[in-house]
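Enquirer: Below is the sequence, then the predicted model.
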Amino acid sequence: MITINRSGTMPARTLIAASVAALLLAACAGAPAKPDGAAEARYKLTQLQADPNLASRAPLAMQEADTAVRVAEQPQDDRELGAYRVYMADRKVELARAQAETSFAEDQHAALRAQRESARLNARTAEADAARDQVAMARAEQRVATNEARSEADAAQLDAASSQRETVELQRQIDALQATRTDHGLVLTLGDVLFASGRADLRVGATSNLDRLVTFLNEYPDRTAAIEGYTDSSEGYRPGLSERRAASVKSYLTGQGINALRLSASGGGASDPVASSDSAAGRQQNRRVEVIISNPSTTLR
Amino acid sequence: MTATLPAHRDALLRIAVGFTGVLLLAACASTPPAPSASMQAAQRAISHAEGAEAGRYAPTELSEARAKLASADTAAAEQKMTMAERFAEESRVEAELASAKTADVKARTMNDELMRSNGTLSDEMQRNPGDQR
């Protein structure tokens, strides 16, 4: 660098060399350590490298960014070159960050998809559970309804059975009474053997029919009885005989414990014979009491 | 002009051609070559970014890359080849950044949508059992 003049004196050469060295040193000391902006680029790179989600991603771009920052940090007299290097370093760091973030987002994406799948699965399971629950509930409701229907049917059947039993029983009683069903009710004819000619008192031993009537009236306390006495034509001259015959029957019934309010007695005279008056047997049939047992409002016709 | 070319004119032409060639060589030797490789690389990076819809997702970076490439062209035209080279490199890295940011934004957007629909899904799930029980 420095050409020493051989012919020159030693002090002079030394002086020149020293001053040149001093100038060089001054130049070195005076040069800026780093270009403007290099510190910022380094800071951004450090931030990126410190991010646990990003530090290990996009390794190639990270390496290039690191190199670019180192280059940018080199002291540089050429301001334009320094600025260029800082610019490149800054962009390389940005590039590395963008790539690392993309990589991170892709990983997140995979996780989200997995999450979505499991959520869908859960939703489907929940739907299936709900559907199953609904089916079970519907079945339970159906069971309850069926049971209710069944018990109702059972009850109805029971009712029907009991009413049928009652009907059968009543029919049996009616049959026992040897009564006849009419629109007005049951008509029971207490015939022949009850009364002697011209008499209104009941013959002894003729009360078996009346006892069956008592049983029936006790069995069906809501029924009332209309007692009508009749005479045969030969007795027609005795007014009041038919009434008294009816009264005899009524008094017998009340004597057996039937409430008198349920009983009415009336006389029909000889107006309504049931047999010919020509024979004694026919006349005896006409000397009779008919008992009309009312139909109750609710049951049985 | 004339039907026959004189021999001396033919010789002149040769001299002219040769001189021009010498001049061209001299011009090439005196200035560094244009940074065509860097500029082509920058152009490719810009095209790639455009193809990736960087104009929509990273418009700032993309237009910066284009501006840098234009500056590189200008510098090259002004024979400032070092400057042209640097502009071309800056243009390329800017275009690459545009592509990278575009990919990043796209991935994030997709994740946001996924997250939202996952949220909806789990909301529905939480609502449905409440309705039924």
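Expert: Sure thing, it's come through.
Enquirer: how close does B:Met110 get to A:Asp175?
Expert: The spacing between B:Met110 and A:Asp175, counted by CB to CB, to the nearest Å, is 95 Å. To be clear about C-beta, it is placed using only N, CA and C from the backbone, and glycine gets the same treatment.
Enquirer: quick one: which of these two has more around it?
Expert: Neighbour count, other CB atoms under 10 Å in any protein chain shown: between B:Met110 and A:Asp175, B:Met110 has more, with 15 against 9.
Enquirer: The helix or strand hosting A:Arg120 and chain B in contact?
Expert: Per DSSP states H and E, A:Arg120 falls inside helix A:79-177. Yes: interface with chain B: helix A:79-177 contributes A:80, A:84, A:87-88, A:91-92, A:94-95, A:98-99, A:101-102, A:105-106, A:108-109, A:112-113, A:115-116, A:119-120, A:122-123, A:126-127, A:130, A:133-134 (CB under 8 Å from any CB of the partner chain).
Enquirer: A ChimeraX selection for those, restricted to the buried ones, would help me check which they are.
Expert: Buried members of these, defined by 16 or more other CB atoms under 10 Å in any protein chain shown, are picked up in ChimeraX with:
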select /A:84,87,88,91,92,94,95,98,99,101,102,105,106,108,109,112,115,116,119,126
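Enquirer: so how far is A:Val289 from B:Ala65?
Expert: If you go by CB to CB, the gap between B:Ala65 and A:Val289 works out to 132 Å.
Enquirer: go on, A:Ser248?
Expert: Separation of A:Ser248 from A:Val289 (CB to CB): 8 Å.
Enquirer: Check A:Ala138 too.
Expert: For A:Ala138, the distance to A:Val289 under the criterion CB to CB works out to 67 Å.
Enquirer: Report the next helix or strand after the lowest-mean-pLDDT helix or strand in chain A in sequence order.
Expert: The helix or strand of chain A with the lowest confidence, counting by mean pLDDT, DSSP states H and E, is helix A:10-30 at a mean of 61. Note on helix A:10-30: by DSSP H and E, the next helix or strand toward the C-terminus is helix A:38-50.
Enquirer: as a whole number, average confidence for that following helix?
Expert: Across helix A:38-50, the average pLDDT comes to 95.
Enquirer: Which secondary structure elements does the next helix or strand after it sit against?
Expert: For helix A:38-50, the following helix or strand on the C-terminal side (DSSP H and E) is helix A:59-73. Counting contacts by 3 or more CB pairs under 8 Å, 6 or more residues apart in numbering or on different chains; DSSP states H and E, helix A:59-73 packs against helix A:38-50, helix A:79-177.
Enquirer: Report the buried residues of helix A:59-73.
Expert: If you call a residue buried by 16+ other CB under 10 Å, then helix A:59-73 has these buried ones: A:Ala61, A:Met62, A:Glu64, A:Ala65, A:Asp66, A:Ala68, A:Val69, A:Val71, A:Ala72, A:Glu73.
Enquirer: How many neighbouring residues does A:Ser294 have?
Expert: Around A:Ser294 there are 15 other residues, counting by other CB under 10 Å.
Enquirer: Verify the contact between it and A:Thr224 for me.
Expert: Yes: the pair A:Ser294 and A:Thr224 qualifies as a contact (CB atoms under 8 Å) at a distance of 4.8 Å.
Enquirer: which residues of the stretch 1-150 of chain A score low on pLDDT?
Expert: Low-confidence segments of the stretch 1-150 of chain A (pLDDT under 70): A:1-15, A:17-33.
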